[in-house]
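A.B. asks: Next input, structure requested:
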Amino acid sequence: MATADLKDLKIRLVFENGVDLEGNPQFEYKTYSYINMLATPNEILQSCEEIASLSSKPLYDIEKNEVYDINA
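C.D. replies: Numbering: from 1, shown residues only. Reported below is the predicted structural model:
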């Protein structure tokens, strides 16, 4: 049976960065690595909101990216 081992965890903050000439929203991204793999979703949310409060741009979204090793 195969197993999946969490290898890496990154958080990407998406900030609103105005609109283009056609009125479509533009975004700016900031990725953070070395996230504690035991962090709960609430802890991640709280940390991201605190980081985003340092920016002059409004926070649009928070993305959690997990990378797994699949072993046989």
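
A.B. asks: Give me the mean pLDDT for stretch 42-59.
C.D. replies: For stretch 42-59, the mean per-residue pLDDT is 97.

A.B. asks: ok, now stretch 15-33?
C.D. replies: 96.

A.B. asks: Just give me how far it sits from the chain centre.
C.D. replies: 14 Å (CA atoms, centre = their mean, to the nearest Å).

A.B. asks: Show the end-to-end separation of that stretch, please.
C.D. replies: End-to-end distance of stretch 15-33 (CA to CA, to the nearest Å): 17 Å.

A.B. asks: next helix or strand past the strand ranked longest in the chain?
C.D. replies: Determined from DSSP state E, the single longest strand within the chain is strand 3-19. Under the assignment DSSP states H and E, the closest C-terminal helix or strand after strand 3-19 is strand 25-32.

A.B. asks: Sheet partners, orientation included, of that following strand?
C.D. replies: With DSSP bridges as the test, strand 25-32 is paired with strand 3-19 (antiparallel).

A.B. asks: And the contacts of the strand it pairs with?
C.D. replies: 25-33, 35-37, 44, 48, 51-52, 55, 57-71 (CB atoms under 8 Å, 6 or more residues apart in numbering). In short, each C-beta sits where N, CA and C put it, glycine included.

A.B. asks: Show only the entries of these found in helices.
C.D. replies: Cross-referencing these against helices under DSSP state H gives 44, 48, 51-52.

A.B. asks: Same list (those) but as JSON lines, adding neighbour count.
C.D. replies: Shown next, in JSON lines, are the ones in helices among the contacts of strand 3-19 (neighbours: other CB atoms under 10 Å):
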{"residue": "Ile44", "neighbour count": "17"}
{"residue": "Cys48", "neighbour count": "20"}
{"residue": "Ile51", "neighbour count": "15"}
{"residue": "Ala52", "neighbour count": "17"}
